[in-house]
Structures are given as C-alpha cells and as structure tokens.
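Participant: What follows is a predicted structure for the sequence shown.
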Amino acid sequence: MVTNDSSFVSYKHKILTDICRLKWDEKLNEDNINKLIYGETKGPKAKFRCCIYKEREILRQRVKLACGQNQENKPNEENVVQVIDAACMECPISSYSVTDNCRFCLGRPCTKVCKFGALSPGEVRMHIDSGKCKECGKCAAVCPFNAIVHLERPCKKACSVNAINYDDDGLCVIDDSKCIYCGSCVHACPFGAIATKTYLIQIIEAIKSGKEVYAMCAPATEGQYGEDINFNDLKVALKKIGFKDLVEVGLGADMVAAYESLEWAECLKNNKKLTTSCCYSFKQILKKHFNELYNQNVSNVISPMCATSRLLKYLHKDCVTVFIGPCVAKKAEAQDKTVKDNADYVITYGEFASLLRSKDIELVHTEEYTQEASLFGKKFATSGGVASAVLECMKERGEDVTKIKYICSKSAKECIKTLSLLKVGKLDEQFIEGMACEDGCVGGPSKRMLEQEISAARDNLLKKSDDRKVIDNLKEYPVDKINMYVK
C-alpha cells in the first residue's frame with residue numbers, strides 16, 4: 001500500500017519490533033535503548049536526515065512513543081497523536097511560493113492586490129515574505145502566468161477539521177480542541193514526523209505477569225491479510241504470543257445493533273433524529289465541532305469495542321482486553337476515562353505485525369473456520385453496515401422499517417457536510433450513520449492493503465459465514481448483564 005511515508009514505515013516497525021524483543025527478554029533499560037539508538041545511527045552518513053545527530057534525537061523521541069510514553073519535550077501531552085518536532089523541519093514555511101514561471105512582468109498585478117506588502121521584486125522573480133503573507137491567495141489568482149502556487153503541507157491537507165497549525169518556527173502543532181484522532185495526518189507526513197503512542201510494552205508486561213489477556217479483533221480484520229487468513233488463524237498466532245484467546249468485535253457489533261435499534265424505534269415515535277456512536281472520530285466531530293448536536297442527537301449506546309470489552313470483563317474478572325484494528329482513534333477512546341470497562345489497550349495492524357515479529361511468529365492458514373458474530377455484525381466495518389444491522393434487528397422484532405430514511409456518511413468531510421445540514425434543519429433523513437474513514441473502518445489509517453484488495457478478500461471470507469440472526473446469536477451470551485450505555 002502506497003502512502004506518503006510508505007518507504008519509512010518498515011523502519012518504524014523495525015524499531016517497534018526491537019523494542020518488543022528487549023521487553024520479552026527483560027532487557028528494556030536505558031543502556032539497551034541507547035545501544036539500539038546508536039546501532040541504528042552508526043554513521044558517519046545519515047540514513048534519512050541531514051546528520052546522524054538529528055536522526056538520534058528523532059529516534060529517541062520515537063522510542064518514547066513506542067513505549068507508550070510522552071516525548072521529553074511534551075511531558076503533559078494528552079493526545080495519542082503527537083508531532084516529533086525534530087522530524088518536522090523539512091516542509092516549506094510559506095504556503096504561497098513564486099515559481100520559475102514568473103516573467104518579472106512590468107504590470108506586477110500581484111503587488112497591487114496584496115494589502116500586506118508581502119510581495120517585492122527579487123533578483124530574477126518576485127519574492128513573497130512569509131512573515132507578512134496572510135495566505136489570502138489573491139496574488140495567485142491574478143498572476144497572468146500562474147507563477148504563484150499554493151503549497152499546502154501534506155499533514156494540513158489530510159486534516160478534515162483544520163486541527164493542524166504551525167508555530168513561529170514553522171513546526172506542526174495539533175490543536176487538541178479540534179483533533180478527532182482519525183490518524184490521517186500520520187501517514188500523510190512524508191517525513192514520518194507525526195506518530196502515535198504505542199502500548200505493546202504494556203501488553204507484554206501483562207502477558208508476562210500471568211494476567212489473562214484477550215485480543216479483540218475489529219470486524220475490519222477479515223480481508224486485511226488476504227482471503228486465506230481468518231480469525232481462527234489469528235487466534236492460533238495470538239495464543240503463541242501469550243494471549244488467552246481472541247474474540248470477534250463483530251459480536252460487540254451485534255450487541256450494539258440490538259440496543260441501537262431500540263433507540264431508533266424510540267426516536268421514530270418522538271420524531272427525533274439520531275446519529276450512530278460506533279466511530280470515535282465521528283463522535284469527536286460531533287463533540288468538538290457540533291456540540292449542540294452531540295448533546296441532542298448522538299446515540300447513547302457504547303461502541304462495539306467497548307461492548308466486547310465489557311462482556312469479557314464480566315465473564316473473566318480482572319482480565320486485560322486488547323483491541324486490534326485499523327483505527328488510531330480507538331487509542332483515544334480507550335483513554336477516555338468517562339467510559340468504564342473499555343479496552344485496556346489498542347494496537348493497529350502494523351503494531352500487531354511488530355508484535356508477531358518480536359516472537360518470530362507468522363500467520364499460517366488453517367482449515368478451521370470459527371464464527372462468533374452474525375454477518376451483520378461483521379459488516380459493521382463497511383459503510384452502511386451499521387445501519388443495515390440496526391434495521392435487521394428492528395425487522396427481527398417485527399417492526400416496520402419500510403419508511404425509515406437514513407444517510408451513510410463515509411468520510412470525515414461527508415460527516416461534516418451531513419451534520420451541517422442537520423444543524424440548520426435541512427436534513428430529510430431521520431438517522432445518520434457516520435464513519436470518518438473512506439468507505440468505513442476497512443479504509444482506516446492502518447489498513448494493510450488497498451481498499452479494493454481488502455474488499456475482494458473480505459467478500460470471499462464472508463461467504464463462509466452462516467446466516468444466523470443478530471438477536472438469536474446474542475441469546476448465547478449474557479448480554480442482559482452488560483450495561484450497553486455510555487451513561
């Protein structure tokens with residue numbers, strides 16, 4: 001899969017793997033971390049940066065994040081998505097730049113429309129003073145040779161909620177009051193300057209201490225490793241690592257669909273519009289950018305990850321739950337202390353791969369196929385899947401759903417557009433399914449292949465699933481003992 005940082009991803013995962021190996025061997029200490037850092041930056045020539053000293057500083061901060069800690073210069077940072085300042089020094093500071101297309105014309109309309117005196121003649125072309133430029137774009141619009149271009153930084157371009165800003169030195173700053181933790185900026189940065197906290201060390205500690213550690217794999221997992229690797233194959237590998245067992249989060253999706261369908265039915269009676277609650281980034285869009293709608297229209301049902309974790313903690317007291325999926329926002333959700341008994345830790349597919357490599361374990365296909373979730377729960381990972389599952393539950397209860405109108409927003413930009421219509425009272429649909437990633441969770445920032453490849457593999461895997469009903473499937477579990485609501 002090609003991303004802006006694709007040539008650098010394998011290096012980041014190698015560092016994670018080395019850190020995990022040190023932890024397994026009880027050798028993760030300052031001396032060995034220094035040996036790792038200096039071993040990767042021997043010199044005299046740098047691998048990626050201008051010098052080995054800069055590489056060492058960046059790697060030192062990356063190791064901090066890999067151990068689930070804050071960087072040394074950001075001890076109080078609460079966001080799981082963080083900028084490594086030393087790595088964020090290569091992008092141009094100016095958003096508008098004059099190219100060689102500038103003919104140094106006599107009319108100079110660019111200077112006439114600029115109200116801030118930011119443009120002045122240089123030696124061979126016009127020059128923009130970044131300290132005066134307000135980035136209004138008027139100079140680019142009037143240039144007869146299209147010589148002035150808008151250079152939008154990749155991280156800022158990837159952010160749908162305008163949470164990326166820059167300090168006086170031009171370093172990227174993430175505005176936590178706007179950030180929805182979607183992780184789009186992480187792979188958008190071609191210098192690997194944006195990273196997330198990783199909790200593999202804490203998971204290894206729990207396993208080594210003898211605790212029962214359960215893996216919870218997201219519905220988006222099927223298809224990520226091709227059509228030959230199913231949940232049972234993952235379960236075998238996870239048990240080799242030391243996990244007690246694996247549970248499909250699709251089961252938690254069945255639970256959520258059953259309870260959210262009750263909310264839909266109630267809202268229909270009261271002529272109230274409702275949004276889904278599964279995607280944490282979507283909920284953050286509501287909370288931080290449409291707060292009035294968040295208080296009035298968001299579902300009160302917990303996410304499938306939380307539902308699965310609460311079920312496991314009810315069945316296995318004091319167990320540790322680990323969510324594995326394509327999502328960065330789930331890391332932030334797990335840290336939300338207002339929601340009890342959620343997942344203890346969250347790791348992405350890339351981090352899971354590093355954990356496997358740290359024990360020299362490979363995924364191997366087995367003939368056995370296991371299923372815990374209904375097909376509707378499994379399809380929560382794709383756009384329209386949540387709404388379909390909720391409607392299925394209503395049908396199973398004998399309710400008429402023929403007149404229900406709903407809309408599926410399958411990217412952060414689409415979610416913002418839909419919520420804007422709802423805010424001004426121009427949304428016809430009664431229910432909103434919102435997912436911040438393109439085409440749903442399968443398109444999350446940690447996906448392992450292109451969406452088309454994942455979809456093809458998923459289709460073949462899902463054909464093996466039986467046609468069990470959602471509510472019938474839940475009768476096998478003590479769902480009535482689980483609090484399915486946030487409050």
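Facilitator: Sure, I can see it. Residues are numbered from 1 along each chain as shown.
Participant: Tell me how far residue 145 lies from residue 110.
Facilitator: To residue 110, residue 145 is 10 Å away according to C-beta to C-beta, to the nearest Å. All C-beta spots, glycine's among them, are computed from the backbone N, C-alpha and C.
Participant: Quick check on the two: which one has the bigger neighbour count.
Facilitator: residue 110 (24 against 11; other C-beta atoms under 10 Å).
Participant: Please identify the buried residues of stretch 364-377?
Facilitator: For stretch 364-377, the neighbour count (16 or more other C-beta atoms under 10 Å) marks 371, 372, 373, 374, 375, 376, 377 as buried.
Participant: And those, which is closest to residue 171?
Facilitator: residue 377 (43.0 Å; C-beta to C-beta).
Participant: for the closest one, what are its contacts?
Facilitator: 219, 248, 250, 251, 252, 253, 254, 257, 304, 389, 470, 473 (C-beta atoms under 8 Å, 6 or more residues apart in numbering).
Participant: In strands only, show me the residues you listed.
Facilitator: residue 248 (DSSP state E).
Participant: what's the closest of the contacts of residue 377 to residue 294?
Facilitator: residue 304 (19.7 Å).
Participant: how near is the closest one to residue 262?
Facilitator: 16 Å.
Participant: The two: which is more packed in?
Facilitator: residue 304 (30 against 15).
Participant: in terms of contact, does the more buried one touch residue 220 like I think?
Facilitator: No - counting by C-beta atoms under 8 Å, residue 304 stays clear of residue 220, with 10.9 Å between them.
Participant: what's the distance between residue 365 and residue 217?
Facilitator: Counting by C-beta to C-beta - residue 365 and residue 217 are separated by 16 Å.
Participant: ok, now residue 201?
Facilitator: 21 Å.
Participant: The two: who's more crowded?
Facilitator: Taking neighbours as other C-beta under 10 Å, residue 201 and residue 217 compare with residue 217 leading, 24 against 19.
Participant: Ramachandran coordinates for the more buried one?
Facilitator: Note on residue 217: its backbone torsions stand at phi -90, psi 130 [degrees, to the nearest 10].
Participant: excluding its backbone neighbours, what's nearest it?
Facilitator: Excluding its sequence neighbours, the residue lying closest to residue 217 (C-beta to C-beta, 6 or more residues apart in numbering) is residue 324, at 5.0 Å.
Participant: For the one you found, give me its contacts.
Facilitator: Contacts for residue 324 were tallied using C-beta under 8 Å, 6+ apart; they are 215, 216, 217, 218, 221, 346, 347, 348, 349, 352.
Participant: Just grab the bridge partners of it for me.
Facilitator: Beta-bridge pairing for residue 324 (DSSP bridges): residue 217, residue 347.
Participant: Okay, it and residue 318: tell me how far apart.
Facilitator: Counting by C-beta to C-beta - residue 324 and residue 318 are separated by 21 Å.
Participant: swap in residue 47?
Facilitator: Taken as C-beta to C-beta, the span from residue 47 to residue 318 is 44 Å.
Participant: now swap in residue 114 and tell me
Facilitator: Counting by C-beta to C-beta - residue 114 and residue 318 are separated by 65 Å.
Participant: and what of residue 342?
Facilitator: Applying C-beta to C-beta to residue 342 and residue 318 gives a distance of 15 Å.
Participant: Which of these two has more residues huddled nearby?
Facilitator: Between residue 342 and residue 318, counted using other C-beta under 10 Å, residue 342 has the larger neighbour count: 24 against 7.
Participant: what kind of secondary structure is that one in?
Facilitator: Three-state call for residue 342 (DSSP: H, G, I helix; E, B strand; the rest coil): coil.
Participant: Spatially nearest residue to it (excluding sequence neighbours)?
Facilitator: Distance criterion C-beta to C-beta, 6+ apart; nearest residue to residue 342, sequence neighbours excluded, is residue 306 at 4.5 Å.
Participant: Now do that neighbour: how many residues are near it, please.
Facilitator: For residue 306, the neighbour count with other C-beta under 10 Å is 32.
Participant: So for it, what's the pLDDT?
Facilitator: For residue 306, the model assigns a pLDDT of 98.
Participant: Quick check: buried residues in the one helix or strand it maps to?
Facilitator: Following DSSP states H and E, one finds residue 306 within helix 304-315. Residues of helix 304-315 classed as buried by neighbour count (16+ other C-beta under 10 Å): 304, 305, 306, 307, 308, 309, 310, 311, 312, 313, 314.
Participant: so how many other residues sit close to the closest residue to residue 319 other than its chain neighbours?
Facilitator: Nearest residue to residue 319, sequence neighbours excluded (C-beta to C-beta, 6+ apart): residue 212, at 4.4 Å. Neighbours of residue 212 under the rule other C-beta under 10 Å: 16.
Participant: next one: residue 397
Facilitator: By other C-beta under 10 Å, the residues close to residue 397 number 12.
Participant: can you list the buried residues of helix 304-315 in JSON lines and add distance to residue 163?
Facilitator: Formatted as JSON lines, the buried residues of helix 304-315 follow (distance: C-beta to C-beta, whole Å):
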{"residue": "304", "distance to residue 163": "26"}
{"residue": "305", "distance to residue 163": "23"}
{"residue": "306", "distance to residue 163": "24"}
{"residue": "307", "distance to residue 163": "28"}
{"residue": "308", "distance to residue 163": "29"}
{"residue": "309", "distance to residue 163": "28"}
{"residue": "310", "distance to residue 163": "30"}
{"residue": "311", "distance to residue 163": "34"}
{"residue": "312", "distance to residue 163": "33"}
{"residue": "313", "distance to residue 163": "33"}
{"residue": "314", "distance to residue 163": "36"}
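Participant: that older thread, assess the claim that the residue nearest to residue 342 and residue 255 are in contact.
Facilitator: No - judged on C-beta under 8 Å, residue 306 makes no contact with residue 255 at a distance of 9.7 Å.
Participant: in the host helix or strand of residue 202, what's buried?
Facilitator: Per DSSP H and E, residue 202 falls inside helix 200-208. Within helix 200-208, the residues scored as buried using 16+ other C-beta under 10 Å are 200, 201, 202, 203, 204, 206, 207.
Participant: other SSEs contacting that helix?
Facilitator: helix 6-24, strand 213-217, strand 320-325, strand 345-348, helix 349-358 (3 or more C-beta pairs under 8 Å, 6 or more residues apart in numbering; DSSP states H and E).
Participant: so who does the closest residue to residue 289 other than its chain neighbours touch?
Facilitator: Closest residue in space to residue 289, ignoring its immediate chain neighbours: residue 161 at 6.3 Å, by C-beta to C-beta, 6+ apart. Shown in contact with residue 161 (C-beta under 8 Å, 6+ apart): 178, 179, 180, 285, 288, 289, 412, 416.
Participant: Now do the closest residue to the second one other than its chain neighbours: how many residues are near it, please.
Facilitator: To tie it back to what came earlier, the one meant is residue 179. In space, and not counting its chain neighbours, residue 179 is closest to residue 163: 4.2 Å by C-beta to C-beta, 6+ apart. Other residues near residue 163 number 25, with proximity taken as other C-beta under 10 Å.
Participant: Residue 76 versus residue 163, what's the distance?
Facilitator: 18 Å.
Participant: Over to residue 484?
Facilitator: 34 Å.
Participant: between the two, which one's more packed in?
Facilitator: Taking neighbours as other C-beta under 10 Å, residue 484 and residue 76 compare with residue 484 leading, 20 against 5.
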